[in-house]
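**Student:** My questions concern the predicted model and sequence given below.
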Amino acid sequence: MKFVHIFGPQAVGKMTVGQELAKITDLKLFHNHMTIDLVGNFFDYSTKEAKRLVNLFRQEIFEEVSKSDLYGMIFTYVWMFDMESDWEYVRNLTQLFESRGATVYYVELEADLGERLERNKTPNRLEHKPKKRDLEWSENDLMQTLEKHRLNSMDGEITFPNYIKINNTDMSAKEVAQVIKDQFGF
């Protein structure tokens, strides 16, 4: 079992890279909006009810996948490096999969703000993330999150094995997926 954790700021290309990586491997994609948008039909994501349900659904999926005979899973996540709770979440996720014999891979994406603002409007993103279709809200959320949190690691901060950081500002999702596949031998 392989667990590939793709993380980075909003609109950096996590889901799109995950889609491309899933196409060239036997990994299954579980992008973070699959649960956010499901729960969003009932509760706004900012509410405690929504956060509880999103975490509950994700945890149940992780539990079942980690016990399965699947080749592996890709999960996307916006990791706020200034929040200890996010570090704890990543450590717990790692521990869950490793305790069941999986190998965990960490892929950090970073891209220039201008490129991220353009990617925020792409048809693929809007198709798969209904909440992002309100472009004014989505862009404001992107900018506010950037002002409030640190969304990429500092050099040497991540010490997990099987880690790669890719600046994908000038790369296609297919190119990034191939780099990941080659780097980790999927």
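**Tutor:** Thanks, I have the structure now. Numbers count the residues shown, from 1 in each chain.

**Student:** ok, Lys2 - contacts?
**Tutor:** By CB atoms under 8 Å, 6 or more residues apart in numbering, the residues touching Lys2 are Leu27, Tyr71, Gly72, Met73, Ala102, Thr103, Tyr105, Phe184, Phe186. Backbone N, C-alpha and C define where each C-beta goes, glycine included.

**Student:** List only buried entries from the residues you listed.
**Tutor:** Leu27, Gly72, Met73, Ala102, Tyr105, Phe184, Phe186 (16 or more other CB atoms under 10 Å).

**Student:** Could you export those as JSON lines, including distance to Glu64?
**Tutor:** Listed next are the buried ones among the contacts of Lys2 as JSON lines, based on distance: CB to CB, whole Å:
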{"residue": "Leu27", "distance to Glu64": "16"}
{"residue": "Gly72", "distance to Glu64": "14"}
{"residue": "Met73", "distance to Glu64": "10"}
{"residue": "Ala102", "distance to Glu64": "13"}
{"residue": "Tyr105", "distance to Glu64": "20"}
{"residue": "Phe184", "distance to Glu64": "23"}
{"residue": "Phe186", "distance to Glu64": "22"}
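
**Student:** From the residues you listed, pick the one nearest Tyr163.
**Tutor:** Tyr105 (7.7 Å; CB to CB).

**Student:** tell me the secondary structure for the closest one?
**Tutor:** strand (DSSP: H, G, I helix; E, B strand; the rest coil).

**Student:** cool, Glu108 as well?
**Tutor:** strand.

**Student:** for it, what are its contacts?
**Tutor:** Residues counted as contacts of Glu108 (CB under 8 Å, 6+ apart) are Phe7, Gly8, Asn152, Ser153, Ile158, Tyr163, Ile164, Lys165, Ile166.
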